[in-house]
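Participant: Using only what follows, build the 3D model:
(one chain, ligands or ions: 2)
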Amino acid sequence: MTPAKLEIREDFESLIERHDTFLFDCDGVIWSGSTVIDGVPAALDMLRRRGKRLIFVSNNSSTSRKDYVAKFSKLGIQASVEEIFSSAYATAVYLREVVGFSADKKVYVIGGSGIHRELEEVGIKTLGSDDVAPISVATLGDILPNPDIGAVVFGIDYELSYRKLACAHTHLTHDPDCLFIATNDDRTLPGGKYQYPGCGSLLSSLVHSTQRTPLVMGKPNQPMLDCVMQKFHLDPARTCMVGDRLDTDIRFGIKGGLSTLCVLTGVANEADVLSSSEPKATYYMSSFGDLSKLDQ
Ligand SMILES: O=C(O)[C@H](O)[C@H](O)COP(=O)(O)O
Ligand SMILES: [Mg+2]
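Facilitator: Numbering: from 1, shown residues only. Ligands and ions are numbered 1, 2, ... in the order given. Purely as a prediction, here's the structure:
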C-alpha cells in the first residue's frame with residue numbers, strides 16, 4: 001500500500017483522532033542539530049491541549065535525558081525526563097535490568113556525556129571520557145587490557161580519538177567476555193541541509209578491527225522497542241511513530257505494530273518514502289510543524 005500523504009486539515013484531524021500516543025524521533029523531526037523545525041513547538045502544544053501523550057525516542061546517545069529536557073526547553077518545548085527515551089538510557093536499563101552488570105566492573109565508553117551520565121545514574125562506573133590525547137606509535141604499547149572493564153559501550157562521539165579506539169579495541173580483543181554494546185548504528189547524522197557520518201559509520205572501524213559484532217540498542221532494534229513498549233504500556237493500535245529515517249524510525253514503528261508517519265525534514269525525501277518497499281510508512285508529510293496550522 002502506498003504511504004498516504006497528509007497535506008490538508010482533514011488528514012491532520014483524522015491522524016490525531018485515531019491516536020492517543022505519539023512517539024517522536026528528535027533529530028530530523030523536532031530539530032536539526034540545534035535548530036528547532038518551524039512550527040513543531042506549536043504542533044506539540046496543540047497535541048498536548050488535545051490530551052495526547054507524547055514520548056520522545058532518540059537514537060542520539062550524546063545527551064542525557066536531563067540534558068535533553070534543557071535542550072527542549074531552550075527550543076521552546078516543554079518535556080519531562082519521563083517522556084524522554086534515548087539510546088543512552090536504553091543502554092543503562094539493559095545493562096542494569098537485563099545483564100545485571102556487576103558492581104565491581106566498569107564500562108569503557110566511546111561516546112558523549114549522555115552515556116556516562118545515564119550509566120552513572122544506575123550505579124555503573126565508566127571510563128574513557130578523557131582518552132582524547134594524541135598518541136604516538138612509540139606509546140601505543142602503553143595501552144593495556146584492563147580486567148576491571150566488563151563492557152565497551154559505543155555511541156556517537158564528537159571527540160572520537162585514536163586513543164579511545166585503541167583502548168576499546170584492546171578490551172574487546174583481550175577479553176571475549178567483555179560485552180560489546182552500541183547505543184545505535186545510524187549510518188548518518190542529519191545537520192541542517194546536509195548529513196554527516198552517524199554513529200554506525202564511526203562504529204564500523206571498531207567492528208572491523210576487533211571482528212566482533214556489537215549488540216545494538218537503538219531503533220529499530222528489539223532492546224529499545226521492548227523497553228519503550230513495557231515502560232509506557234503502549235496500545236499499538238492507538239500509537240503513532242513519527243520519524244525521519246525509514247531504516248530506523250519507520251522500521252521501529254512497524255516492528256512494534258504502530259502506525260508510522262515519515263516526515264521530510266530530516267533524512268528521508270518524498271522519493272525515498274514512495275519507492276521504499278520495506279519499510280513502508282503508513283503516512284508521510286512535509287513537516288510535523290504543518291500541524292501547528294490546525295489551531296490557528
Ligand atoms: O548518528 C546518530 O547517532 C544518529 O544519526 C542521530 O543521533 C539520530 O538521532 P534521532 O534521529 O534518533 O534523534
Ligand atoms: Mg532522526
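Participant: So which residues of the protein form helices?
Facilitator: With DSSP state H, the ranges of helices along the chain come out as 9-17, 40-49, 65-74, 87-93, 113-121, 162-174, 199-210, 222-232, 251-255, 270-275.
Participant: nearest to Gly128, of the ones you listed?
Facilitator: Of all those, it is helix 162-174 that lies closest to Gly128, at 6.0 Å by Cβ to Cβ. The C-beta positions use only the backbone N, C-alpha and C, and glycine is treated the same way.
Participant: quick revisit: of the helices of the chain, which is nearest Val29?
Facilitator: Val29 lies closest to helix 40-49 among those, at 7.6 Å (Cβ to Cβ).
Participant: Return the angle between stretch directions for the closest one and helix 9-17.
Facilitator: 60 degrees (axes from the mean of the first three to the mean of the last three Cα atoms, to 10 degrees).
Participant: What lies in contact with helix 40-49?
Facilitator: Helix 40-49 is contacted by residues 16, 22, 24, 29-31, 54, 75-78, 287-292, 294-295 when judged by Cβ atoms under 8 Å, 6 or more residues apart in numbering.
Participant: Does the residue nearest to Glu7 when sequence neighbours are not counted have any beta-bridge partners, and if so which?
Facilitator: Nearest non-adjacent residue to Glu7, counting by Cβ to Cβ, 6 or more residues apart in numbering: Met285, 6.6 Å away. Beta-bridge partners recorded for Met285 (DSSP bridges): Val263.
Participant: how many neighbours does Met285 have?
Facilitator: As a burial measure, Met285 scores 24 neighbours (other Cβ atoms under 10 Å).
Participant: Who are the contact partners of it?
Facilitator: The neighbourhood of Met285, defined by Cβ under 8 Å, 6+ apart, consists of 5-7, 11, 261, 263-264.
Participant: that older thread, turn the helices of the chain into CSV, including mean pLDDT.
Facilitator: Below are those laid out as CSV (pLDDT from 0 to 100):
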stretch, mean pLDDT
helix 9-17, 94
helix 40-49, 97
helix 65-74, 96
helix 87-93, 96
helix 113-121, 97
helix 162-174, 97
helix 199-210, 98
helix 222-232, 91
helix 251-255, 97
helix 270-275, 97
